[in-house]
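Asks: got a structure for you, letters missing:
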């Protein structure tokens, strides 16, 4: 029987191997006293197994509350634990309850983070994954050989559908590839969802008729299941190509139900992610996280950005981009969405470190607040990426490209 | 316009009030530079507002990674922030993206936990909440004036439907009120879901015909949306009264879709919860968390237990029970599920601290591994609770009740 292996970064005042054994027991047997029926045969078939324990270091202060150490020694280790896939089959929520679930409650750990999951080969027969991915999103937007350039409608909440459509028109004229609702907006009294779709798609369809290029607009359909399905349908009928879901807020079952419809590219917004990963020894690492959402079928997934305005380090962002671009089960490609304080100045460093243009590169104020106007803002971003691929740095790019040079003047000092 | 107020426990190297202002801006406006269209009028209508900042203390070490303090001073405070409900209306996922979402990413914080949410009165018109709650679950199980006594089928994974049904028969004869699948089990090759329902309900219905009391069995339906709906239907058709969902693994949209069906009591299992709350300065507190799930409509919600086998303190467990029992919007009652290492010995302390018997009190090994057999195990739990309400301690109860005395002998030393 195939097994699924999970890698954890743990901290414990106990022997790491014995703490790992508690984890394996809790997540496949789990009671404090032996009960009838728990035969050796049954254990051999269903028990989780500690595959390896790699000791890292001992520290004197626990990372999170748990059992106390008598000698102030807390041991950190990488442990691998495996389960027969028979335990949960192809049921993602039960897989999550097994690999995460109650193990965060175990007092023997003073730190526990799920770092990675090895997805077994047979999962390819049960999960079709992203319907569009990188190739599909490029085709839908007619963009090749450079990142898709995108932006977010700001202010996040408050514009009417007409005001939003006017902004979309400005951005369309500016040559944008992708636009999205903010995750804070779904439907408000002054911007009802359906009306926004009508107004926005009216502009986008008109431009598509004229230019042959259809801008991808990610309408935020996050909500309850039936509401999301109705809004999805609305987008399809209006000629849209994309729907956005706040994946953590909606959850796995709801998101997968939408992905399974298969007609629109799904923009996976990871807001709430900081809660799950910001502590180095609690929660889940992006490497593991992105695999679950690729199985669920999201086509685009947020990865933050180099020199972002948030807490995350560049190293972590680079690792996230690499994780998304690494084939899973031979494919399941997902387009990394680079976002947060981006204006083009980060393009050279992003390319230097990732060597890819398979990105959706989102700039907010960086486009609309460009001193020469939004068209120059989009141009500056394209220039920044051309320069990056050509091996130029910011100064080198600013010498050649006047629009980018203006971006540097305005945003470069922040 | 009604506002919704969220309370956060924060830590920051900056002035707490200015860090709170960043939070409010990010979660309602959110870009690093002013953009056209962001008028004063629009801000007044949609901007989040810092309502209060209560300074607590200054520490020298940051709780989680974020901006560094030049003088090693990190200030902790309780801040309240409010949003017009116009921003998200009655859309729970968008509410969550607004009140949690990207704010965990803000580098100005070196700690941030959502502590509580004041649910506005109008939510009562849009969310029907738990369909059964405490009163409904008591009625379904014919239990009054004492906690519902429950247990979990163990081993968690591995028993066949026939073996499960045999255990259920033993427990039924023992006088149990409630039984549940483990969260690690949904459907396996050797225990297909439908077959398990048939076998188990066959026993339960037979006992109900004989005794007039129908044991509530929480079948774990956690899975994808359509699968959950089909399994829900299966339980209904077999005469069952309850379905269990791992709420964090399934997510909000999927869980609410199931709660909305309204025919079965929904057992909300919070596995994965430790990840969201175990760090004192990251994530979400149970007070806020349980309100979201009551809005979604779960009837029963796990709260861990006094002297549990996990990391959580008794104070935290008591606070969780109190949170569940506190009326929300005048009702929305949810039955607290006390679980983890419980055997009856914790009943006196649980009652002393909470003064309630409105609980589903779950004992695993404590029943099936009772030295005098499962019937004595159930009796011992009922005795423990009678003793608790009568003001007896463990020793006093053991003197009167022989079955409970045996429990003390076996489980009291752990």
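Replies: Sure thing, it's come through. Note that the structure is predicted; figures quoted are calculated from it, not measured.
Asks: does residue A:406 sit in a helix or strand, and which one?
Replies: Secondary-structure assignment from DSSP states H and E places residue A:406 in helix A:402-411.
Asks: ugh, wrong one, residue A:56
Replies: Assigned by DSSP H and E, residue A:56 belongs to strand A:49-59.
Asks: so which residues make contact with the helix holding residue A:406?
Replies: Here helix A:402-411 makes contact (Cβ atoms under 8 Å, 6 or more residues apart in numbering or on different chains) with A:343-345, A:366, A:369-372, A:376-377, A:379-380, A:383-384, A:387, A:394, A:397-399, B:33. Backbone N, C-alpha and C define where each C-beta goes, glycine included.
Asks: any buried residues in stretch A:62-73, and which?
Replies: Within stretch A:62-73, the residues that count as buried by 16 or more other Cβ atoms under 10 Å in any protein chain shown are A:62-64, A:66-67, A:69.
Asks: then stretch A:153-173?
Replies: Residues of stretch A:153-173 classed as buried by neighbour count (16+ other Cβ under 10 Å): A:153-161, A:163-165, A:167-172.
Asks: chain B next: which of those residues are close?
Replies: With Cβ under 8 Å from any Cβ of the partner chain as the criterion, these include A:154-159, A:163, A:167 near chain B.
Asks: columns secondary structure and pLDDT on top of those residues, output as a markdown table?
Replies: Shown next, in a markdown table, are those (DSSP: H, G, I helix; E, B strand; the rest coil; pLDDT from 0 to 100):
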| residue | secondary structure | pLDDT |
| --- | --- | --- |
| A:154 | coil | 83 |
| A:155 | coil | 82 |
| A:156 | coil | 83 |
| A:157 | coil | 84 |
| A:158 | coil | 84 |
| A:159 | coil | 89 |
| A:163 | helix | 93 |
| A:167 | helix | 93 |
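Asks: next, count neighbours for the closest residue to chain B within the stretch 151-300 of chain A.
Replies: Taking Cβ to the nearest Cβ, chain B has its nearest neighbour within the stretch 151-300 of chain A at residue A:251, 0.9 Å off. Look at residue A:251: counted by other Cβ atoms under 10 Å in any protein chain shown, it has 25 neighbours.
Asks: from what I can see it touches residue B:246, true?
Replies: No. In this structure, residue A:251 is not within contact of residue B:246 by Cβ atoms under 8 Å, at 10.6 Å.
Asks: can you pull the contacts of the closest residue to residue A:187 other than its chain neighbours?
Replies: In this structure, residue A:187 finds its nearest non-sequential neighbour in residue A:193, 3.9 Å apart by Cβ to Cβ, 6 or more residues apart in numbering or on different chains. For residue A:193, the contact set (Cβ under 8 Å, 6+ apart) comprises A:186-187, A:219, A:221, A:231, A:234.
Asks: what about these, which are in strands?
Replies: Judged by DSSP state E, the subset of the contacts of residue A:193 located in strands is residue A:219.
Asks: any chance of the contacts of residue A:193 in CSV, with distance to residue A:88 too?
Replies: Below are the contacts of residue A:193 laid out as CSV (distance: Cβ to Cβ, whole Å):
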residue, distance to residue A:88
A:186, 32
A:187, 36
A:219, 33
A:221, 28
A:231, 31
A:234, 35
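Asks: which one of the contacts of residue A:193 is nearest to residue B:262?
Replies: Taking Cβ to Cβ as the measure, residue B:262 lies nearest residue A:231 of the contacts of residue A:193, at 23.6 Å.
Asks: gap between residue A:157 and residue B:214?
Replies: Using Cβ to Cβ, to the nearest Å, residue A:157 is found at 48 Å from residue B:214.
Asks: on that earlier part again, dump the contacts of residue A:193 into TSV; add distance to residue B:136 and pLDDT as well.
Replies: Converted to TSV, the contacts of residue A:193 look like this (distance: Cβ to Cβ, whole Å; pLDDT from 0 to 100):
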residue	distance to residue B:136	pLDDT
A:186	32	92
A:187	32	92
A:219	38	98
A:221	33	98
A:231	33	98
A:234	36	98
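Asks: how about the helices in the stretch 201-350 of chain A?
Replies: Per DSSP state H, counting those that start in this stretch, the stretch 201-350 of chain A carries helices over the ranges A:225-237, A:247-250, A:252-259, A:273-277, A:286-296, A:314-325, A:347-354.
Asks: buried deepest among the ones you listed, which one?
Replies: Highest mean neighbour count among the helices of the stretch 201-350 of chain A (mean count of other Cβ atoms under 10 Å in any protein chain shown): helix A:247-250, with a mean of 28.
Asks: which strands and helices sit next to it?
Replies: Under the contact definition 3 or more Cβ pairs under 8 Å, 6 or more residues apart in numbering or on different chains; DSSP states H and E, helix A:247-250 sits against helix A:273-277, helix B:92-99, helix B:252-259.
Asks: need the contact list for the residue in the stretch 1-150 of chain A that chain B sits nearest to.
Replies: Here the stretch 1-150 of chain A gets closest to chain B at one residue, residue A:104, 2.9 Å apart by Cβ to the nearest Cβ. By Cβ under 8 Å, 6+ apart, the contact set of residue A:104 is A:112, A:282, B:272-275, B:278.
Asks: out of the residues you listed, the closest to residue A:332 would be?
Replies: Using Cβ to Cβ, residue B:272 is the member of the contacts of residue A:104 that sits closest to residue A:332, with 23.6 Å.
Asks: show me the contacts for the nearest residue to that closest one once chain neighbours are set aside.
Replies: Nearest residue to residue B:272 in three dimensions, chain neighbours excluded: residue B:248, at 3.6 Å (Cβ to Cβ, 6+ apart). Each residue near residue B:248 by Cβ under 8 Å, 6+ apart is listed here: A:96, B:270-273, B:276.
Asks: turn these into JSON lines, including distance to residue B:145 and pLDDT.
Replies: Compiled in JSON lines, the contacts of residue B:248 are given as follows (distance: Cβ to Cβ, whole Å; pLDDT from 0 to 100):
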{"residue": "A:96", "distance to residue B:145": "38", "pLDDT": "97"}
{"residue": "B:270", "distance to residue B:145": "27", "pLDDT": "98"}
{"residue": "B:271", "distance to residue B:145": "30", "pLDDT": "97"}
{"residue": "B:272", "distance to residue B:145": "34", "pLDDT": "97"}
{"residue": "B:273", "distance to residue B:145": "30", "pLDDT": "97"}
{"residue": "B:276", "distance to residue B:145": "34", "pLDDT": "98"}
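Asks: will you turn the residues you listed into JSON lines that also has distance to residue A:5?
Replies: Putting the contacts of residue B:248 into JSON lines (distance: Cβ to Cβ, whole Å) gives the following:
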{"residue": "A:96", "distance to residue A:5": "15"}
{"residue": "B:270", "distance to residue A:5": "26"}
{"residue": "B:271", "distance to residue A:5": "20"}
{"residue": "B:272", "distance to residue A:5": "19"}
{"residue": "B:273", "distance to residue A:5": "24"}
{"residue": "B:276", "distance to residue A:5": "25"}
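Asks: quick one, strands of chain A?
Replies: Using DSSP E, strands in chain A cover A:3-12, A:49-59, A:74-84, A:111-118, A:148-152, A:178-180, A:216-220, A:242-246, A:265-269, A:282-284, A:300-304, A:335-338, A:360-362.
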